[in-house]
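In: sequence? don't have it. structure:
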Ligand code: CO8
């Protein structure tokens, strides 16, 4: 019952097996204070048990996807909390960054899809948080950037690693070294954003639709595809193909694969057991 978690900086809602996590710090354009990071960690840590068998042996697929967004009309997340970060010691900032980086790994390795619904500024740590998600959808008024060099900093929440994976080294260097802010439409053109929607209503609708599409598929296959994509991401072609081959072969004989292929042959809709 994740929506019953007491959170001071997040709004949680579960509807139709979709969890919406809304970062809510209106006084600071949803900046990532240590409390936001701690609460996001609590939520995503709980979600890591999805797909695992419970006491009676049934896997928990009660949540089939997550939408991560920001509250209010102006920001997704305007970055790390600059005011709070300034006063940290080197050791404190290491712990803050380590916690935040680990959170991005938990998001990437979650067995269900996470859609970043970027409804305004996604700067610094906000852009980095979005990049940990499986898909980035944006509203027309969204803006992306890694402005850390303007603060005497560099990206620290995965930006030096993931931005080049999304957009290639040339665009990543240009964005990180200039700190330039780009609108949603340009972010889509360079491959950071998958879809641009006219407003927040359409944005949330599109995110829900995508999760519904994923939820109609085999949840174990979706989780396996997510794992294989991540594992192969930084590998040379041959090593990546080897990972894919093993993961593909591992699907054979699973109840979901048996059901999915039987449903195709029998021309009916599959009813995946999630095993
Ligand atoms: N941290 C703290 N407070 C913030 C932040 C922030 N990142 N962003 C905005 N706020 C606050 C403002 O201080 C302001 O507060 P107040 O009303 O008390 O003065 C309020 O939010 C509204 O902001 P503005 O008045 O500045 O609104 P504007 O419309 O004029 O400007 C901008 C909006 C352009 C988004 C502007 O606020 C801005 O540039 N914000 C900072 C963006 C930024 O530099 N982000 C990167 C931060 S560094 C970072 O993310 C490093 C990541 C690695 C750390 C890993 C651990 C998580």
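Out: Here it is on my side, so go on. None of the values given here were measured: they were computed from a predicted structure.

In: And the strands in this structure?
Out: Using DSSP state E, the strands of the chain run over residues 10-15, 18-23, 65-70, 75-77, 114-118, 121-123, 135-139, 143-145, 182-183, 195-197.

In: could you dump those to TSV with mean neighbour count?
Out: Using the backbone N, CA and C atoms, a C-beta is placed for each residue, glycine as well. Converted to TSV, the strands of the chain look like this (neighbours: other Cβ atoms under 10 Å):
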stretch	mean neighbour count
strand 10-15	14
strand 18-23	23
strand 65-70	26
strand 75-77	29
strand 114-118	28
strand 121-123	27
strand 135-139	25
strand 143-145	23
strand 182-183	18
strand 195-197	19
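
In: Nearest to the ligand, out of the ones you listed?
Out: Nearest to the ligand among the strands of the chain is strand 121-123; the distance by Cβ to the nearest ligand atom comes to 4.1 Å.

In: Make a markdown table from the strands of the chain and add mean pLDDT and distance to residue 262 to it.
Out: Shown next, in a markdown table, are the strands of the chain (pLDDT from 0 to 100; distance: least, Cβ to Cβ, whole Å):
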| stretch | mean pLDDT | distance to residue 262 |
| --- | --- | --- |
| strand 10-15 | 97 | 31 |
| strand 18-23 | 98 | 28 |
| strand 65-70 | 98 | 25 |
| strand 75-77 | 98 | 42 |
| strand 114-118 | 98 | 30 |
| strand 121-123 | 98 | 43 |
| strand 135-139 | 98 | 30 |
| strand 143-145 | 98 | 44 |
| strand 182-183 | 98 | 47 |
| strand 195-197 | 98 | 33 |
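
In: Let me have these in CSV, adding distance to the ligand as columns.
Out: Below are the strands of the chain laid out as CSV (distance: least, Cβ to the nearest ligand atom, whole Å):
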stretch, distance to the ligand
strand 10-15, 15
strand 18-23, 12
strand 65-70, 11
strand 75-77, 7
strand 114-118, 13
strand 121-123, 4
strand 135-139, 15
strand 143-145, 8
strand 182-183, 13
strand 195-197, 19
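
In: Tell me the confidence at the residue of the stretch 101-250 of the chain found nearest the ligand?
Out: At 2.4 Å from the ligand, residue 124 is the closest residue in the stretch 101-250 of the chain, using Cβ to the nearest ligand atom. Here, the pLDDT recorded for residue 124 equals 98.

In: what sits against the closest residue to it other than its chain neighbours?
Out: Spatial nearest neighbour of residue 124, chain neighbours left out: residue 79 (3.0 Å); criterion: Cβ to Cβ, 6 or more residues apart in numbering. Residue 79 makes contact with 31-32, 123-126, 147, according to Cβ atoms under 8 Å, 6 or more residues apart in numbering.

In: count of neighbours near residue 189?
Out: Per other Cβ atoms under 10 Å, the neighbour tally for residue 189 reads 14.

In: Fine by me, thanks again.
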